[in-house]
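> Need a 3D model of the following:
(one chain, ligands or ions: 1)
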Amino acid sequence: MTDAVSVAWGRIGDVSRRTLGELFRADGGRLAKLSSRFEWSEGDTANGIRFDWSKTHLDDALLDGFEELAEARDFSGQRNALLSGAKINVTEDRAAEHIAQRGTGSEAAVEEAAALHARMQMLVEVIREGALGEVRHLIHVGIGGSALGPAMAIDALTRDLMRVDVHVVSNVDGLALEEAFARCDPATTLVAIASKTFATIETMTNAASALRWLEQGGVADPSGRVVALTANPDKAVEWGVDETRVLPFPESIGGRYSLWSSIGFPVALAAGWDEFEAVLAGAQAMDRHFAETEGRANLPLRAAFADRYYTSIRGCRTRAVFAYDERLRLLPAYLQQLEMESNGKRVTVDGQPVNGTSAPITWGGIGTDAQHAVFQLLHQGTQLVPVDFVASIAPGDMLDPVHHRILLANCFAQGAALMAGDKGDDPARHFPGDRPSATILCDDLDAAAFGALIAFHEHRTFANAVLMGINPFDQFGVELGKKMTKDIEAGGGDFDASTRALLSVTGLQP
Ligand code: F6P
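Sure thing, here's the model as predicted:
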């Protein structure tokens, strides 16, 4: 840690602790300072998202301290490096160019993205026009970043648009693929193999089984029904996918940041190209805000200030996200990978130990269901858990408006209750209150709002990484387990007694 970083942390640590109630009473302008509406235009109309961080403990003194920390960590320089396509992923000696897919970045990367998108659009359109025969189903095999983003986007955006019935299959457990097979007809099914490396054992095993299923289902040319989405096009061709159906994306896009690239193919196929472009446009609007806004007014950076405060100063080990919208039920799972794979690191970019806890454990669920399952701990448990609520003013459903009214009433009541608490008549009924939450409220969760929401979280993750001095773009922590799996498959490995026994009783090794 440099001196300037230590001084800033010292200043943050010295800020006197006041309750949320005290903070609101002390500053009449608090809501205006910490709650902002982010807006963009969609044709003739405006859409927006309200980001309300006023129910967190951030105050002027903390914001000053965190701005000092951001400066000490050269946040502006790091952000420029990210946006200009510099090799910011130092451990892998490459840039992180997912933002170029949305039109921001080095000229070369933006041009390449446009060309790759044009190729993808063409394939989507010819498939929809029937070039590959009737396509009613798509089995998308992929895992991690090659599955979580597409699955979430399809769930969020294609409920009333679904032109192709998409099944995202990630787990190598054959039950997952069998479930998809049971719902698809091989004669009208396409298979998309989504893998940055085209080498992930789970995905390649599922891909081979899906191909066999097509064959056994009487499809004359099974490999003619396969599309590859990958940063390793040569490997896809070698595997047997015709070059015309390989949709590449650049190596400089990390798996968990790849929804915007050809990994978004099933979204474009199911929802239509215009919807996919609207997702990119919403993300681009957030990119502009992130690139052009300084200090605490920068929404992802402000969110990261709160994240760091709770993790580093208040010792919170987890953070929770509750989507009060069925369309975002997969958001917590998506954010788990984005945040934990990016920032779950123990060393900084310089190889020094991270100061304190790095990424908190991201968890969450859907409102109102979670209220009846886990909110007890949030209100009365011994651990402090900062919570994000995500909702939309416009309902996604067409039923009696009472549904949406009750949904939103619950969402806002939970944030209010966590903060206010209640003395209660006896200890068991006592709610301590002063528990923080942030609210992200979309005007209307359409494709652009969805894109902006996800880009916000990407930038928030990056901002957290910069404040900690971490490289968020590598993931070496996943490698050791993969290597040991390969060792087992190859009949080798040097394992402990417990693992040897497990291998032996299951017949995996003698
Ligand atoms: O094991 C982790 C990981 O490498 C993720 O980072 C990635 O999203 C996932 O596996 C899938 O990788 P691939 O797209 O190369 O199959």
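
> Spell out which parts of the protein neighbour the ligand.
Within the chain, the positions near the ligand by Cβ under 6 Å from any ligand atom are 143-146, 195-197, 200, 203, 255-256, 341, 475, 478. For glycine as for every other residue, the C-beta is placed from the backbone atoms N, C-alpha and C.

> Could you dump those residues into a markdown table and include neighbour count and secondary structure?
Formatted as a markdown table, the residues of the chain next to the ligand follow (neighbours: other Cβ atoms under 10 Å; DSSP: H, G, I helix; E, B strand; the rest coil):
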| residue | neighbour count | secondary structure |
| --- | --- | --- |
| 143 | 20 | coil |
| 144 | 21 | helix |
| 145 | 24 | helix |
| 146 | 27 | helix |
| 195 | 29 | coil |
| 196 | 24 | coil |
| 197 | 14 | coil |
| 200 | 22 | coil |
| 203 | 25 | helix |
| 255 | 25 | helix |
| 256 | 26 | helix |
| 341 | 22 | helix |
| 475 | 21 | coil |
| 478 | 11 | helix |
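
> Need the contact partners of the helix or strand hosting residue 275.
Element membership for residue 275, per DSSP states H and E: helix 273-292. Helix 273-292 is contacted by residues 38, 40, 42, 79, 83, 99, 101-104, 121, 124-125, 153, 157-158, 161, 259-260, 264, 267-268, 298-301, 446-456, 459 when judged by Cβ atoms under 8 Å, 6 or more residues apart in numbering.

> need the contact list for residue 341.
144, 256, 475, 477-478.

> wait, residue 252
85, 89, 94-97, 109.

> Most neighbours of all these, which one?
Counting by other Cβ atoms under 10 Å, residue 97 has the largest number of neighbours within the contacts of residue 252, with 29 neighbours.

> just to revisit the earlier point, what distance separates the helix holding residue 275 from the middle of the whole chain?
Distance of helix 273-292 from the chain centroid (Cα atoms, centre = their mean, to the nearest Å) equals 15 Å.

> next structured bit after it?
With DSSP H and E, the next secondary element past helix 273-292 is helix 299-308.

> Restricting to C-alpha, output that next one in CSV.
Below are the C-alpha coordinates for helix 299-308, written out as CSV (Å, rounded to 0.1, in the frame of the first residue of the first chain):
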residue,chain,number,x,y,z
LEU,A,299,-22.8,5.8,-9.8
PRO,A,300,-20.7,2.7,-10.0
LEU,A,301,-17.9,4.3,-8.1
ARG,A,302,-20.3,5.6,-5.4
ALA,A,303,-21.7,2.0,-5.0
ALA,A,304,-18.1,0.7,-4.7
PHE,A,305,-17.5,3.3,-1.9
ALA,A,306,-20.3,1.8,0.0
ASP,A,307,-19.2,-1.8,-0.8
ARG,A,308,-15.7,-1.1,0.5
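
> centre of the chain versus it, how much separation?
Here helix 299-308 shows a centroid-to-chain-centroid distance of 16 Å under the convention Cα atoms, centre = their mean.

> what is the mean pLDDT for whichever helix or strand comes after that helix?
Counting by DSSP H and E, the next helix or strand C-terminal to helix 299-308 is strand 318-323. Average pLDDT, strand 318-323: 98.

> right, and the helix or strand after strand 318-323?
Per DSSP H and E, the helix or strand that comes after strand 318-323 is helix 331-335.

> Which ones among the contacts of helix 273-292 map onto strands?
38, 40, 42 (DSSP state E).

> In contact with the first one, which residues?
The contact partners of residue 38, taken as Cβ under 8 Å, 6+ apart, are 48-51, 285-286, 289, 299, 452.

> what stretches of the stretch 51-200 of the chain score poorly on pLDDT?
For the stretch 51-200 of the chain, residues meeting the criterion pLDDT under 70 lie at 161-162.

> Tell me the residue of the stretch 351-500 of the chain that sits nearest the ligand?
Per Cβ to the nearest ligand atom, residue 478 is where the stretch 351-500 of the chain lies closest to the ligand, at 3.7 Å.

> Ok, the stretch 251-400 of the chain next?
The nearest approach of the stretch 251-400 of the chain to the ligand comes at residue 255, 2.5 Å away (Cβ to the nearest ligand atom).

> How is the residue lying farthest from the centre of the chain assigned, secondary-structure-wise?
Largest separation from the mean C-alpha position in the chain: residue 425, at 42.0 Å (Cα atoms, centre = their mean). On the three-state scheme (DSSP: H, G, I helix; E, B strand; the rest coil), residue 425 is labelled coil.

> Going forward, count from 9.
With the count now opening at 9, the last piece we talked about shows up as residue 433.

> got the contact list for it?
Applying Cβ under 8 Å, 6+ apart, no residues contact residue 433.

> and the residue lying closest to residue 324 once chain neighbours are set aside, how many neighbours does it have?
Of all residues not flanking residue 324 in the chain, residue 318 sits nearest, at 4.2 Å (Cβ to Cβ, 6 or more residues apart in numbering). Around residue 318 there are 22 other residues, counting by other Cβ under 10 Å.

> Who are the contact partners of residue 151?
Residue 151 neighbours (Cβ under 8 Å, 6+ apart): 178-179, 203, 208, 210-211.

> ok, these vs residue 24, which is closest?
residue 178 (47.2 Å; Cβ to Cβ).

> What is the neighbour count of that closest one?
Taking other Cβ under 10 Å as the criterion, the count of residues near residue 178 is 21.

> Surely it and residue 148 touch.
No. Shown here, residue 178 and residue 148 do not form a contact pair, counting by Cβ atoms under 8 Å, at 9.0 Å.

> any shared contact partners between these two?
Contacts common to residue 178 and residue 148, judged by Cβ under 8 Å, 6+ apart, are residue 155.

> Save the contacts of residue 151 as TSV, and put in distance to residue 498 too.
Putting the contacts of residue 151 into TSV (distance: Cβ to Cβ, whole Å) gives the following:
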residue	distance to residue 498
178	24
179	22
203	21
208	17
210	17
211	19
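
> among those, which two are most distant?
Greatest spacing in these, by Cβ to Cβ: 179 and 203 (14.4 Å).

> re earlier: for the residue of the stretch 259-408 of the chain closest to the ligand, which non-adjacent residue is spatially closest?
Residue 263 sits nearest to residue 153 (Cβ to Cβ, 6+ apart), 3.0 Å away.

> And that neighbour, how far from residue 230?
26 Å (Cβ to Cβ, to the nearest Å).

> For residue 306, see how far away residue 54 is.
21 Å.

> can you check residue 453 too?
As judged by Cβ to Cβ, residue 453 and residue 306 stand 23 Å apart.

> does residue 77 belong to a helix or a strand, and which?
Assigned by DSSP H and E, residue 77 belongs to helix 68-80.

> Nice, that's everything, thank you.
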